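Participant: Quick one: sequence plus predicted model below, questions after.
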Amino acid sequence: MLGGMDAAEYSLPDTAYHIACLRGEGELLSGAAERAGLDAPVPACPGWRVRDLLKHVGYVHRWAAGYVREQHARWVDRSSEAEILAGGPGDDELPTWFREGHASLVRVLETAAPDTTCWTFLEAPSPVAFWARRQAHETAIHRVDADQAAAGAGKAADGAPFTPRFAADGIDELIMGFVGRNARRGTWDGPAGSLAIHATDGAGAAAPSAADWRVVTGKGDLAVARETGPADCDVKGSAADLYLLLWNRRGADEVSIRGDNGLLAEFRRRIAVTWG
């Protein structure tokens, strides 16, 4: 029951799909940031303004592109979050700098040879597949941040809702990838219990895959699987609502929760993915 994306569940079109999603989400993020204004607060990232969001994502895009372009075999030292936010271009140059970094990442992934080798940090059939998927979801979640900042500034959101296919893939990356990595490392120190996640609209007919996940934890133990089964907390909703809930960009009011709500709250707190 250890997590990880089996290579058989990827195909070459999946990589192209993720690159296309990365391209679209970056463009939407840029547009939302422009509408919001660089000084608008980012609700999901306390203390951040939109300029901080653009600096963070722009740096991450360049960081990711470097691994693929230079084929670094090992982890390369990176700037801390404080260094990223203190540096970067000024307000006048920042939007263009962001768009250039995003476009460069897309080009690097599009032109990378299928047998490119470089460092990654979650299981995937190839490094290019990993970076395309990871950066598509990194950018999508932060596009939501930009949309929420724009809404807070009284501007209408322009981003389309996530499709079931993309949202289910994002749930899968979080549970089978990030949480699964904790399972393999034996680093879980959260509460004991079982949590079941059910996407009522599945992953969409275009990309049939698991729409059910289960996380089972014990004292020092953690296991994840794409399966249904009994759980102390059972959470059901659309893939898009669950995606945003688990990435802590939406509350639980749009989903159905049966059982121990406190377990879900603690799980969400424990699985928050941060740069540090």
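Facilitator: On my side now, so go ahead.
Participant: got a list of what residue 156 touches?
Facilitator: Residues in contact with residue 156 (CB atoms under 8 Å, 6 or more residues apart in numbering) are 35, 150. For every residue, glycine as well, the C-beta is placed using N, CA and C.
Participant: Checking it next. Helix, strand or coil?
Facilitator: coil (DSSP: H, G, I helix; E, B strand; the rest coil).
Participant: Which parts of the stretch 51-200 of the chain are strands?
Facilitator: 193-199 (DSSP state E, counting those that start in this stretch).
Participant: Quick one: the helices in it, in order.
Facilitator: Along the stretch 51-200 of the chain, counting by DSSP state H, counting those that start in this stretch, helices occupy 81-86, 94-111, 127-152, 164-172, 180-185.
Participant: Mean pLDDT added to these, as CSV?
Facilitator: Shown next, in CSV, are the helices of the stretch 51-200 of the chain (pLDDT from 0 to 100):
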stretch, mean pLDDT
helix 81-86, 95
helix 94-111, 98
helix 127-152, 97
helix 164-172, 93
helix 180-185, 86
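Participant: thought residue 34 was touching residue 98?
Facilitator: No. Counting by CB atoms under 8 Å, residue 34 does not reach residue 98; the two are 10.2 Å apart.
Participant: who has more neighbours, the two?
Facilitator: More neighbours surround residue 98 than the other of residue 34 and residue 98, with 25 against 15 (other CB atoms under 10 Å).
Participant: Surely the more buried one touches residue 30?
Facilitator: Yes. Between residue 98 and residue 30 there is a contact under CB under 8 Å: 6.2 Å.
Participant: Give the full set of residues in contact with the residue positioned nearest the centre of the chain.
Facilitator: By CA atoms, centre = their mean, the chain has its centre lying nearest to residue 137, at 3.7 Å. Shown in contact with residue 137 (CB under 8 Å, 6+ apart): 169-170, 173.
Participant: what does residue 189 give?
Facilitator: Neighbours of residue 189 in contact, by CB under 8 Å, 6+ apart: residue 220.
Participant: Quick check, pLDDT for it.
Facilitator: At residue 189, the pLDDT value in this model is 76.
Participant: and if you look at the one 5 residues further on?
Facilitator: For residue 194, the model assigns a pLDDT of 95.
Participant: what pairs with it across the strands?
Facilitator: Using DSSP bridges, the bridge partners assigned to residue 194 are residue 216.
Participant: Going by neighbour count, list what's buried in stretch 153-170.
Facilitator: 155, 157, 159, 162-170 (16 or more other CB atoms under 10 Å).
Participant: next one: stretch 220-240
Facilitator: 222-226, 231-240.
Participant: Stretch 23-40 too?
Facilitator: Buried, per 16+ other CB under 10 Å, within stretch 23-40: 23-33, 35-36, 38, 40.
Participant: Also stretch 44-60?
Facilitator: 44, 48-60.
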